[in-house]
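[1] Build me a model from this:
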Amino acid sequence: MRRSRTVERDPLLYRTIPASDRSLLISFGEEISLAFHQRVRALTERLLRQPPDAILNIHPAYSSLLITFDPLRATFQEIESSVRNFLIDTTAEPPASPRRIEIPVCYDEAFGPDLSDVASLNGLSTEEVIRIHLSGEYYVSFIGFTPGFGYLGGMSPRIAAPRLATPRRRVPAGSVAIGGNQTGIYPTATPGGWRIIGRTPLRLFVPDRDPPSLLALGREVRFRRISRAEFDEIHPP
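    Purely as a prediction, here's the structure:
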């Protein structure tokens, strides 16, 4: 079995890890980090612009990138070599400036059933939790769990909170929530175990929209507080 290798020629160390006979994992580290995210994003964008013929799919995550390829068209070593060359190139080619999107959020008690729990867990008032959440400069690390669900990096550890012991069977679409050291927005009604602190009236995922998802890899996100009246004006009850 092939072993993972650490490559030291890159300013940020990375490992190449065989995930199967047709997939390769590029790992920059184990933590949620803006620096790691920028490397993942730069490599993803480069591979999407100039994909080697044998590459079938690219799956970015917080600090890693899973690449699947056709083993009949390229060997593991050939894919690894191509990726290594791309990684070297991206050290001098930072990713393009990301698009920023502002998400309106209503933190009304009816929309944030777990807001007080997040406050209690961190020794804060609910207003302090809201203020800290609003002050964050977030970025979409990757899309996963369900179509359009963006995992947002950049949240302050001061409002981190563990997931619920028992997930809810149904979380309303637009729910803004905290799970561990990350925050995110449920684009559609779905089961979920993150702690809900508010809701946005925006529709984050619409299948027949182009593009369907409001969020995308690398996009910067800021939250803006709105009242219940403003929420109802944008999204009538």
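
[2] and the residue at the greatest distance from the centre of the chain, what helix or strand is that in?
    Most distant from the centre of the chain: residue 72, at 32.3 Å, with distances by C-alpha atoms, centre = their mean. Counting by DSSP states H and E, no helix or strand carries residue 72.

[3] Under the pLDDT cut-off, which ranges of the protein? List them.
    For the chain, applying pLDDT under 70 flags the ranges 1-12, 88-98, 236-237.

[4] rewinding a little: how much space is there between the residue farthest from the centre of the chain and residue 199?
    Using C-beta to C-beta, to the nearest Å, residue 72 is found at 48 Å from residue 199. From N, CA and C alone the C-beta is placed, and that goes for glycine too.

[5] Alpha carbons of stretch 17-25, in PDB - could you do that?
    Only the C-alpha atoms of stretch 17-25 are listed here, as PDB (Å, rounded to 0.1, in the frame of the first residue of the first chain):
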ATOM      1  CA  ILE A  17      -2.500  10.500   0.600                       C
ATOM      2  CA  PRO A  18      -3.800   7.600  -1.500                       C
ATOM      3  CA  ALA A  19      -7.500   7.300  -0.700                       C
ATOM      4  CA  SER A  20      -8.100   4.400  -3.100                       C
ATOM      5  CA  ASP A  21      -6.800   3.000  -6.400                       C
ATOM      6  CA  ARG A  22      -8.500   5.900  -8.200                       C
ATOM      7  CA  SER A  23      -8.400   8.800  -5.700                       C
ATOM      8  CA  LEU A  24      -5.800  11.000  -4.100                       C
ATOM      9  CA  LEU A  25      -6.200  13.300  -1.100                       C
END
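
[6] ok, residues contacting it?
    Applying C-beta atoms under 8 Å, 6 or more residues apart in numbering, the contact partners of stretch 17-25 are 1-2, 4, 15-16, 26-27, 56, 64-71, 76, 79-80, 83.

[7] Next step: those residues restricted to strands.
    The strands, defined by DSSP state E, take in 15-16, 26-27, 56, 64-69 from the contacts of stretch 17-25.

[8] Just the buried residues of the residues you listed.
    By neighbour count, with 16 or more other C-beta atoms under 10 Å, these hold 16, 26-27, 64-69 as buried.

[9] Turn those into TSV, including distance to residue 103.
    Below are these laid out as TSV (distance: C-beta to C-beta, whole Å):
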residue	distance to residue 103
16	36
26	30
27	30
64	26
65	26
66	28
67	31
68	32
69	36
